[in-house]
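> got a structure for you, letters missing:
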């Protein structure tokens, strides 16, 4: 078995383990959220603003992730994609996911909980990003080093934007990415349900965070 194939399989294994870790981590954070209430009044302007901004971030993340899938086309581990969103950020798919997670936490109307969601996700995925970059460095050293030297890891540099006139789209991947974003939208009814149970006295409130 070649080193490249071994590296690809190792990378895939790391990605699967990280996804499981994210699921466990978010489940633990949600367990905390069940017994946490926002200090902001439910119908107050601050809480409404936090929740509305969170919903905007979720929709933005879902659209952004689908946009990235149009360019990546399932070639993430086989070919270095450097156009479209990947021309301004090396990891736009992750960036949009982080924005979505922050939006999920904001649906609680609780900025502290939103930041806990984000930090937990960053803790899991930043090492994965580093591992993927090691793989790309080994698989295509010259190409990736040149790409890394000019393109930021996460936060986009808009001046670098470039895109071909035509791209090959994989509809199955695009639709799958959209479907993968549906759990983000589940945050709104989930936190509304938690709030209703707390107001009814069916869930105890142990923490009140801003």
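Done, it's in. All figures in this text were calculated on a predicted structure; none of them were measured in a lab.
> Contacts only, for the closest residue to residue 157 other than its chain neighbours.
Distances taken as C-beta to C-beta, 6 or more residues apart in numbering place residue 88 nearest to residue 157, at 5.5 Å, with adjacent residues excluded. (Each C-beta comes from the backbone N, C-alpha and C, glycine too.) Residue 88 makes contact with 151, 152, 156, 157, 158, 160, 161, according to C-beta atoms under 8 Å, 6 or more residues apart in numbering.
> if I read this right, the third one contacts residue 96, doesn't it?
It stands for residue 156. No: with contacts counted by C-beta atoms under 8 Å, residue 156 stays clear of residue 96, the gap being 10.6 Å.
> out of those two, which sits in the busier spot?
In terms of neighbours (other C-beta atoms under 10 Å), residue 96 is the more surrounded of residue 156 and residue 96; the figures are 24 against 16.
> before we move on, which element is that one in?
helix 92-106 (DSSP states H and E).
> how far away is the residue nearest to residue 157 from residue 100?
18 Å (C-beta to C-beta, to the nearest Å).
> before we move on, the earlier item: of the contacts of residue 88, grab the buried ones for PyMOL.
To isolate the buried subset of these in PyMOL, counting by 16 or more other C-beta atoms under 10 Å, use the following:
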select buried, resi 151+156
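> for the protein, what are the low-confidence residue spans?
1-26, 28-29, 74-78, 207, 209 (pLDDT under 70).
> hey, where'd the helices end up in this protein?
3-34, 45-72, 92-106, 111-139, 141-150, 171-180, 182-185, 187-199 (DSSP state H).
> Using TSV, please lay out those helices together with distance to residue 165.
Shown next, in TSV, are these (distance: least, C-beta to C-beta, whole Å):
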stretch	distance to residue 165
helix 3-34	31
helix 45-72	13
helix 92-106	20
helix 111-139	26
helix 141-150	21
helix 171-180	19
helix 182-185	32
helix 187-199	38
